[in-house]
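A.B. asks: Give me coordinates for this.
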Amino acid sequence: MSRIGKQPIKVPSGVELKINGSNIVVKGPKGSLQRDLHPNMIIEFQDGEVRVTRPSDGRMDRSLHGLTRALINNMVVGVTDGYSKQLNIVGVGYKVALKGKDLVLNLGHSHAINYPAPKGVEFEVDSKKNTIVIKGANKESVGQAAAEIRGFRPPEPYKGKGVMYSTERIRRKAGKAAAGKG
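C.D. replies: Residues are numbered from 1 along each chain as shown. Presented below is the predicted three-dimensional model:
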């Protein structure tokens, strides 16, 4: 039995959950999320708890059990608390600004990069500290947006410049310091 899959998901008050076959809709104070899950999994909602069970101990059903439970839990947490990621921009001349709902990034390229806000994701920018906070109800959308923004200028190990997660530590390398004079 999956250790994660057998745990029930407590649905807090103020969260509305509808199950229609393999389709699940979760509505809460932070928004609404909808997802089609694998039809093999059995999803039951009773007494304010969601339970996921599997029809057999086959390899596919075992692998889907914990995944399905985690996806539903992420939806419930997303509509109640929401998810956020913080990115730091380090480098001389590197800056970020908010234009409407979209980001404008100057990261040392010959042009500014305009990054439109994906659906259900919003940005908060502190241009003094060069930080971006990405917020949303969908964990996947928030993580994907953060990864795409980081991909424009990943941190480099010599000077530590680039776009990095706030929790990320860059392993610094020594440069070519005084290579054999003589």
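
A.B. asks: going forward, measure contacts between C-alpha atoms and count neighbours the same way
C.D. replies: OK.

A.B. asks: hey, where'd the helices end up in the protein?
C.D. replies: 59-80, 139-152 (DSSP state H).

A.B. asks: want to try CSV for the ones you listed, with mean pLDDT and mean neighbour count as columns?
C.D. replies: Below are the helices of the chain laid out as CSV (pLDDT from 0 to 100; neighbours: other CA atoms under 10 Å):
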stretch, mean pLDDT, mean neighbour count
helix 59-80, 94, 19
helix 139-152, 96, 17
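
A.B. asks: Could you report the distance from the residue lying closest to Ala112 once chain neighbours are set aside to Gly93?
C.D. replies: Spatial nearest neighbour of Ala112, excluding adjacent residues (CA to CA, 6 or more residues apart in numbering): Asn106 at 4.9 Å. Separation of Asn106 from Gly93 (CA to CA, to the nearest Å): 8 Å.

A.B. asks: Next: Leu33.
C.D. replies: Distance from Leu33 to Gly93, by CA to CA: 39 Å.

A.B. asks: Name the residues of stretch 13-33 that come out as buried.
C.D. replies: Applying a neighbour-count criterion of 16 or more other CA atoms under 10 Å, one finds 15-17, 24-28, 30-33 buried in stretch 13-33.

A.B. asks: Please save the CA atoms from stretch 57-76 in CSV.
C.D. replies: Output in CSV follows, covering the C-alpha atoms of stretch 57-76 (Å, rounded to 0.1, in the frame of the first residue of the first chain):
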residue,chain,number,x,y,z
ASP,A,57,-2.0,-4.1,-7.0
GLY,A,58,-0.8,-3.9,-10.6
ARG,A,59,2.3,-1.9,-11.4
MET,A,60,0.4,0.9,-13.1
ASP,A,61,-2.2,1.2,-10.3
ARG,A,62,0.5,1.3,-7.6
SER,A,63,2.3,4.1,-9.4
LEU,A,64,-0.9,6.2,-9.9
HIS,A,65,-2.1,5.8,-6.3
GLY,A,66,0.2,8.2,-4.5
LEU,A,67,0.4,10.5,-7.5
THR,A,68,-3.4,10.9,-7.7
ARG,A,69,-3.6,11.7,-3.9
ALA,A,70,-0.8,14.2,-4.2
LEU,A,71,-2.4,16.0,-7.1
ILE,A,72,-5.7,16.3,-5.3
ASN,A,73,-3.9,17.5,-2.1
ASN,A,74,-2.0,20.1,-4.2
MET,A,75,-5.3,21.4,-5.6
VAL,A,76,-6.9,21.7,-2.1
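
A.B. asks: List of residues touching that stretch?
C.D. replies: 1-6, 9, 11, 15, 26, 33, 37-38, 40-41, 51-56, 137-139 (CA atoms under 8 Å, 6 or more residues apart in numbering).

A.B. asks: all strands for this protein, in order.
C.D. replies: Here the chain has its strands, by DSSP state E, at 9-10, 16-20, 23-28, 31-36, 42-46, 49-53, 83-90, 95-99, 102-106, 113-115, 121-126, 131-136, 162-165.
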